[in-house]
Each structure stands twice: as structure tokens, then as C-alpha cells.
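>>> Take a look and give me a structure for this.
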Amino acid sequence: MSDSLILDKKAQDLLFRDARTANTFTDEPVTDEQMRAIHDLVKYGPTSMNNQPLRITIVRSSQSRERLVAHMSGNNAAKTSTAPLTLILSADSDFHEHFPTTFPVAPDARDNFARMPVEAREGAAGLNASLQVAYLIMGVRAAGLAAGPMTGFDAEGVRTEFFGKGSTQKPIVIMNIGVPGPDAWFDRLPRLDYEQAVTEI
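Next comes the predicted model:
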């Protein structure tokens, strides 16, 4: 089936077939240059009305890491305490404030969204930020690194700890990234076949 794809097979394997969610990492650092290169690639992924609600908070210092680990659940605490770099990935419900720059084709878009109930903006932010998280995972893999995304954490606790109670940024994923370490992978679980996942009408 890979013969039907334009993307080189090695790149296909790097991004999908050989890529895994990492649970351990070496102590090799993830540089600012790598993070900028990843962002410069994945920022082109599509979002509704180009709203780009994902906000990335880099956790690098030991003090910030300790604050974050306190809100992680179960084994995620240990994973996060030893990863070379951790990201707090949040959905910003004030994404519309950037519309004059990101969506200039609709000059009234910012004001229209400002009048919406905050719950409506939070829904749009959550959906589109989740798309951007997926793009980010692919970008991390494209950089030759591994990602360990986690949703097992106290989201409101992280929100209050790092952004303040009632912040427009709502954490949705915590992601460890780096060079995979020893025994980094669990066994790959089965995927649904085409016939199980795809229906034509």
C-alpha cells in the first residue's frame, strides 16, 4: 500500500510505522533550536478559521518540573520527572484575539467570537488544539525525537499552578520529548483494518 503514497517510505516509517510513544528517555537535551524547528514545521497544520489555539509551555528547569510532577497521575509522575524536556500543551479560548493577524479575510471575526459564550470558544479551542497536538507529535518525530503524550494529570491543578485560576489557557496534554531510552516502548497494540474503520456511503 505504501507504493500509493508520494512520501518516501523511510519518512513514512519515521513518522508512523516505526514511531512509538516513548516511556523513557536518555539525558540528551532537547535544544531550543530543535523546538523552534519543530514549531516552524507544524505551525502550517490546518485549524478552523486558522484559529491556532494551541499554546506550548516548555518545562525545562528542575523547579518548574517539580511543580508539574506534583499534578501528574500514577506512573506519569516518574516519566515526567526524568524526561529531558516536557511541554504543557494548552487550548487558549482567547484565540480570537489574534484573528486580525491570523484571519484577516474576515475583519469582524474577532468581535463576533468575543460576543460568543466562553463555553463555545472553549469547545472550538479544545478541538483545534487537539489537532495541533497531533501535528506536534509528527513534528517531534520528524526531528528524530520521540514523544510521550499524556492525559493522566490534574488539568485544573496545572492550569492554576502555571497560568492562574480562571486562565484562558486550559491544559489538555502533557508531552515528554527526547531521545528514547532503554525499554522505551510497550508492545505495539493492534490497529483497526481498513474495512473496520472506513465506510463508504
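>>> And the strands in this structure, which stretches?
54-59, 85-92, 146-150, 169-178 (DSSP state E).
>>> Any chance of TSV for those, columns mean pLDDT and distance to Ala77?
Heads up, the C-betas are built off the backbone N, CA and C, glycines and all. Shown next, in TSV, are those (pLDDT from 0 to 100; distance: least, Cβ to Cβ, whole Å):
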stretch	mean pLDDT	distance to Ala77
strand 54-59	98	13
strand 85-92	98	11
strand 146-150	98	10
strand 169-178	98	10
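>>> Mind putting those strands into JSON lines with mean neighbour count?
As requested, the strands of the chain are exported to JSON lines (neighbours: other Cβ atoms under 10 Å):
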{"stretch": "strand 54-59", "mean neighbour count": "19"}
{"stretch": "strand 85-92", "mean neighbour count": "24"}
{"stretch": "strand 146-150", "mean neighbour count": "22"}
{"stretch": "strand 169-178", "mean neighbour count": "24"}
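>>> Distance to Asp193 added to these, as CSV?
Below are these laid out as CSV (distance: least, Cβ to Cβ, whole Å):
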stretch, distance to Asp193
strand 54-59, 31
strand 85-92, 31
strand 146-150, 25
strand 169-178, 28
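>>> So which of those is nearest Ala11?
Checking these against Ala11 by Cβ to Cβ gives strand 146-150 as the closest, at 16.0 Å.
>>> what's in contact with that closest one?
For strand 146-150, contacts defined as Cβ atoms under 8 Å, 6 or more residues apart in numbering pick out 19-23, 25, 72, 76, 79-80, 83, 89, 133, 136-137, 140-141, 173-180, 184.
>>> how many degrees apart are that strand and strand 85-92 in direction?
50 degrees (axes from the mean of the first three to the mean of the last three Cα atoms, to 10 degrees).
>>> what's the angle between strand 146-150 and strand 169-178?
Going by the same axes, to 10 degrees, strand 146-150 makes 150 degrees with strand 169-178.
>>> Just checking: what are the partner strands of strand 146-150?
Paired neighbours of strand 146-150 in the sheet (DSSP bridges): strand 169-178 (antiparallel).
>>> quick one, helices of the chain?
Using DSSP state H, the helices of the chain run over 9-12, 32-42, 62-69, 75-82, 99-102, 109-114, 118-142, 155-162, 194-197.
>>> most packed of these?
Among the helices of the chain, helix 118-142 has the highest mean neighbour count (mean count of other Cβ atoms under 10 Å), at a mean of 19.
>>> Average pLDDT for it, rounded please.
On average, the pLDDT along helix 118-142 is 98.
>>> What are the contacting residues of stretch 40-48?
52-53, 124, 127-128, 131-132, 134-136, 138-139, 142.
>>> For Leu15, give its distance to Ala142.
7 Å (Cβ to Cβ, to the nearest Å).
>>> Just the residues contacting stretch 94-106, thanks.
By Cβ under 8 Å, 6+ apart, stretch 94-106 touches 49-53, 107, 109-110, 113-114, 121, 124-125, 128, 168.
>>> Widest-spaced pair of those residues?
Among those, Pro107 and Thr168 lie farthest apart (Cβ to Cβ), at 22.4 Å.
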